[in-house]
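S.K.: 3D model of this:
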Amino acid sequence: MSTDDGRRLVGIGLQSDKSADEYAALAELAEGHGFDVLSVFGDLMYQPPFFPLLVAARHTRRIRLGSACLNPFTMHPVEIAGQVAALDLASNGRAYLGLARGTWLDQVGVPQARPLRRIAETVDVVRLLLSRDDRGFQGREFTVAPGTALRYAPVRADVPVLVGTWGQQTARTAAAFASEIKVGGSANPAMAKTMRAWLDDAAPEARVGVVLGAVTVVDEDGALARRVARTEVAMYLAVVAALDPNVDIDPELLARIQQHVARQEHDLAGALIGGDLLDLFAFSGTPEHVAAQAAAVFDAGATRVEFGTPHGLTPAGGVDLLGRRVLPLLRQ
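M.R.: Residues are numbered from 1 along each chain as shown. Predicted coordinates for the structure are as follows:
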């Protein structure tokens, strides 16, 4: 599936563990190759995504920029509104806002009660503030007193919203206010088809985009790339494998992977991941194999594929190979 103009959107997703110079170089490389979107993850204990996004904004002119994702438990929507307004200003109107319930927050004692309502009200508050509407907001999770408004003019009165989720209920609800739903950690065409069906059933006229993003390791040595991908994907697979309604994973195998990940034994966890399972949760292998995986995801109903960290044996080498060898195959 593609967008209204027939274009398959392809993005790069960065883990936020790099220097400012590295972010600048990767952003320039991604834009130079013609990728459509540059996302920065918001995983717990990594750098906040707006630092690399602001660096990327200064070194690009066209590519869309956004977080994937912020959560409304560790950041208040008033702060989120200010952050996305700053990125929109720095990028001259290229920002999008990614929201999700968040993962691993139990490690820092943050409860995640009523995540769907909290995400929906966060969008309400952000849109209220960006539009400089001072009528106030009275929600069940958040409030903004009448007369409270931003004391500066944002570039845009609204920005596109992406919601990250694997769940049907969240997807159906978010279809009312989001332009894209992202399934983070999936390369499974069946999951793209499932999410497409959920959204079309909930809001057939809304044409909400479906984004699938996952760990990506591409290299001319496909076997080496897949070996690296097994280790890289282990921490994410331990969390999301049970969320895919199309995957019937052996509970004992999943428990063993989770136990190794909990002990930071990612090599041992990755060694348990077979080739078929790997292909459902990572894009990995030769450029031709990665392109075929992504094409299958598009054919199943996705409107955007996001190639996530680490991209290759080195980040720059991976993004360059994706741009030179994979992207042209997807744009044919």
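
S.K.: Apart from its chain neighbours, what residue comes closest to residue 124?
M.R.: residue 137 (6.1 Å; C-beta to C-beta, 6 or more residues apart in numbering). Any C-beta I mention is one placed from the backbone N, CA and C, and that applies to glycine too.

S.K.: Go ahead and flag the most central residue of this structure.
M.R.: By C-alpha atoms, centre = their mean, the chain has its centre lying nearest to residue 68, at 4.0 Å.

S.K.: pretty sure that residue contacts residue 98?
M.R.: Yes - using C-beta atoms under 8 Å, residue 68 is in contact with residue 98, at 4.3 Å.

S.K.: Mutual contacts of the two, please.
M.R.: Counting by C-beta atoms under 8 Å, 6 or more residues apart in numbering, the residues touching both residue 68 and residue 98 are 39, 42, 162, 164, 182.

S.K.: how about the strands of the stretch 1-150 of the chain, start to end?
M.R.: 9-14, 37-41, 64-68, 95-99, 137-138, 143-144 (DSSP state E, counting those that start in this stretch).

S.K.: Residues in contact with the third one: which ones?
M.R.: It stands for strand 64-68. 11, 13, 36-42, 49-50, 53, 56-57, 84, 87, 91, 94-98, 160, 162, 164, 182, 184, 213, 306.

S.K.: Flag the shaky bits of the protein, pLDDT-wise.
M.R.: 1-6 (pLDDT under 70).

S.K.: gap between the two ends of stretch 166-177?
M.R.: With C-alpha to C-alpha, to the nearest Å as the measure, stretch 166-177 spans 17 Å from end to end.

S.K.: Quick one: residues in contact with that stretch.
M.R.: 101, 115-116, 119-120, 123, 161, 163, 165, 181, 183, 186, 191, 195, 198-199, 201-203, 206, 208, 240, 243-244.

S.K.: Stretch 22-39 too?
M.R.: Counting by C-beta under 8 Å, 6+ apart, 7, 9-14, 18, 52-53, 55-56, 58-68, 96, 98, 213, 304, 306, 315-316, 319-320, 322-324, 327, 331 sit against stretch 22-39.

S.K.: Now do the buried residues in it.
M.R.: By neighbour count on 16 or more other C-beta atoms under 10 Å, the buried set for stretch 22-39 is 23-27, 29-31, 33, 35-39.

S.K.: coming back round to it: quick one: buried ones out of the shared contacts of residue 68 and residue 98?
M.R.: Among these, the ones that count as buried by 16+ other C-beta under 10 Å are 39, 42, 162, 164, 182.

S.K.: ok, back up a step: okay if I get the strands of the stretch 1-150 of the chain as JSON lines plus distance to residue 228?
M.R.: Below are the strands of the stretch 1-150 of the chain laid out as JSON lines (distance: least, C-beta to C-beta, whole Å):
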{"stretch": "strand 9-14", "distance to residue 228": "17"}
{"stretch": "strand 37-41", "distance to residue 228": "18"}
{"stretch": "strand 64-68", "distance to residue 228": "22"}
{"stretch": "strand 95-99", "distance to residue 228": "26"}
{"stretch": "strand 137-138", "distance to residue 228": "46"}
{"stretch": "strand 143-144", "distance to residue 228": "46"}
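
S.K.: Tell me which of those sits nearest to residue 263.
M.R.: Closest to residue 263 of the strands of the stretch 1-150 of the chain, according to C-beta to C-beta: strand 37-41, at 22.7 Å.

S.K.: Partner strands of the closest one, with direction?
M.R.: Take DSSP bridges as the rule and strand 37-41 pairs in its sheet with strand 9-14 (parallel), strand 64-68 (parallel).

S.K.: what's the closest of these to residue 79?
M.R.: Per C-beta to C-beta, nearest to residue 79 of the strands paired with strand 37-41: strand 64-68, 12.5 Å.

S.K.: chain center to stretch 140-157, what's the gap?
M.R.: Here stretch 140-157 shows a centroid-to-chain-centroid distance of 26 Å under the convention C-alpha atoms, centre = their mean, to the nearest Å.

S.K.: Extract the C-alpha set from it and format it as CSV.
M.R.: Provided in CSV are the C-alpha atoms of stretch 140-157 (Å, rounded to 0.1, in the frame of the first residue of the first chain):
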residue,chain,number,x,y,z
ARG,A,140,-9.9,13.4,33.6
GLU,A,141,-6.1,13.2,33.4
PHE,A,142,-5.0,16.7,32.7
THR,A,143,-6.4,20.2,33.2
VAL,A,144,-5.4,23.6,31.8
ALA,A,145,-6.9,26.6,33.4
PRO,A,146,-8.9,29.1,31.3
GLY,A,147,-6.7,32.0,30.3
THR,A,148,-3.6,29.8,30.0
ALA,A,149,-1.9,30.0,26.7
LEU,A,150,1.6,29.9,25.1
ARG,A,151,3.3,33.3,25.3
TYR,A,152,4.8,32.9,21.8
ALA,A,153,3.5,32.1,18.3
PRO,A,154,4.2,28.5,17.2
VAL,A,155,5.1,28.0,13.5
ARG,A,156,1.9,25.9,13.0
ALA,A,157,-1.3,25.7,15.0
